[in-house]
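**Q** attaching a predicted model along with its sequence, questions to come.
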Amino acid sequence: MATKRFNRLHAACALLIVISVAMSGCQPDTSAATATVTGLRLNNLLGAPNSDGFVRADTPRDFVFPRDHGAHNPYRSEWWYLTAVLEDDQGREYGLHFTQFRQALTPSPTGDGPWHTGQAYLAHLAVTDVATGVHLEVERFARGHPDLAGVTSDPIFAAVIEDWTLSGAANGPINLNLKAGDPGQFKVDLQVQQTGPIVLQGDRGLSAKGPDSASYYYSIPRLHVAGTLQLDDRVVNVKGLGWLDREWSTSVLGESLAGWDWFSLQLDDERSIMAFRLRRYDGARDDFDHGLLVAPQGPDAPPIIGLGDPGVKILTTSDFTLSPQRFYQDERGVRWPVAWSLIINGETFIINALLDDQAIDLSVRYWEGLVEVMSPAGNRLGRGYMELTGY
């Protein structure tokens with residue numbers, strides 16, 4: 001909802017429509033506001049070209065942790081994005097997707113007191129149960145108030161939105177606990193532990209999305225995830241591999257772009273791949289398509305790696321191609337490309353959705369789901385997540 005795949009993080013712009021009136025600064029400091037909006041397309045929320053007063057991502061910077069795990073309020077949009085590929089004790093497969101978006105509605109607070117931060121939050125949570133063919137999803141909206149929603153990194157990291165929390169130690173390798181869900185439908189309680197280095201995307205963390213558009217972007221492609229999923233009355237113990245993405249920006253999607261296709265792939269040989277395709281209205285390949293290929297990192301790897309470091313390859317348009325191979329048509333008639341061919345420097349990967357119907361149909365509509373990675377000969381090479389917007 002990523003910016004990553006140009007500015008999924010701008011999905012939080014939905015909050016401009018949802019609660020901008022409530023945050024206009026005329027509310028008393030004791031009142032809350034709620035609202036609901038449905039059926040928005042993610043790409044329609046990436047406008048708002050007026051960035052006056054907001055800080056822009058335009059030059060490389062030094063990243064400092066754990067501070068940069070927290071919020072960057074002077075930038076208009078930001079997100080914390082976690083996916084996980086999980087299995088239970090019987091080897092059944094599950095997928096997890098959790099994203100918390102921050103959207104600054106004004107460059108500075110609208111007044112005094114906690115209701116006037118100028119910040120708003122949106123979070124999505126989804127679980128895929130491959131064996132039963134079930135995909136569950138739910139969302140939360142909240143204003144940026146200490147009792148409702150926010151993200152801090154000192155003394156511990158905590159991303160909070162109402163009763164959902166992703167929190168824990170971040171001074172060093174992160175060790176977080178995710179607790180979230182929808183009472184009566186599903187809940188997750190998962191421990192998330194970093195097992196590999198932070199990887200800076202693009203030019204040491206400056207990720208270009210267009211001639212005048214960029215974000216600050218880093219990933220943690222290797223996380224050990226374990227805990228429980230409660231699906232209706234069934235509780236399952238699960239464990240697997242997670243991927244955490246972080247991005248913040250003030251950029252917007254270019255007018256020539258219809259959407260994007262984004263992939264995070266974790267191979268069994270311990271390579272990690274991010275591939276991102278900007279989809280133009282004219283059908284041409286976009287010059288700002290890009291990706292990342294990270295070789296296995298041993299126990300002595302530096303805590304932060306990026307462009308120029310051993311085992312890190314920043315992919316440009318000449319390094320990879322992405323081609324849809326199969327489509328799934330949903331009940332609205334939308335055709336989602338759910339199988340792909342990814343070729344990186346001559347090596348071919350076949351990407352298949354493990355469940356075709358993994359569309360997120362909340363206040364923002366997009367496809368986000370669990371995939372497997374196969375060789376052309378049909379051998380499984382790994383798994384990961386795929387995001388599709390603008391269809």
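**A** Structure received.
**Q** now do the residue positioned nearest the centre of the chain against residue 391, distance only.
**A** For the chain, residue 81 is the residue whose C-alpha lies nearest the centre (C-alpha atoms, centre = their mean; 3.5 Å). In this view, residue 81 and residue 391 are 20 Å apart by C-beta to C-beta, to the nearest Å. The way it works is simple: take the backbone N, C-alpha and C, and place the C-beta from them, glycine included.
**Q** cool, and residue 265?
**A** 21 Å.
**Q** between the two, point out the one with more neighbours.
**A** Set residue 265 next to residue 391 and count neighbours by other C-beta atoms under 10 Å: residue 265 wins out with 26 against 20.
**Q** quick check, that one in a helix?
**A** No. Looking at residue 265 with DSSP: H, G, I helix; E, B strand; the rest coil, it is strand, so not inside a helix.
**Q** let me know whether it touches residue 291 as I believe.
**A** No. Shown here, residue 265 and residue 291 do not form a contact pair, counting by C-beta atoms under 8 Å, at 9.9 Å.
**Q** joint contacts of these two?
**A** Residues touching both residue 265 and residue 291 by C-beta atoms under 8 Å, 6 or more residues apart in numbering: 273-275.
**Q** which residues are in contact with the nearest residue to residue 282 once chain neighbours are set aside?
**A** Setting aside the residues directly before and after it, residue 282 is nearest to residue 256 in space (C-beta to C-beta, 6 or more residues apart in numbering), at 7.1 Å. Contacts for residue 256 (C-beta under 8 Å, 6+ apart) come out as 280-282.
**Q** for the closest residue in space to residue 303 that isn't next to it in sequence, the count of nearby residues, please.
**A** Closest residue to residue 303 apart from its sequence neighbours, by C-beta to C-beta, 6+ apart: residue 197 at 5.5 Å. Residue 197 has 22 neighbours, counted by other C-beta under 10 Å.
**Q** isn't residue 197 up against residue 305?
**A** Yes. The pair residue 197 / residue 305 is scored as a contact, 4.9 Å apart, by C-beta under 8 Å.
**Q** joint contacts of those two?
**A** Listed contacts common to residue 197 and residue 305 are residue 297; contacts here mean C-beta under 8 Å, 6+ apart.
**Q** roughly how far does the residue nearest to the centre of the chain sit from residue 197?
**A** 18 Å.
**Q** looking at the contacts of residue 256, state which has the most neighbours.
**A** residue 280 (16 neighbours).
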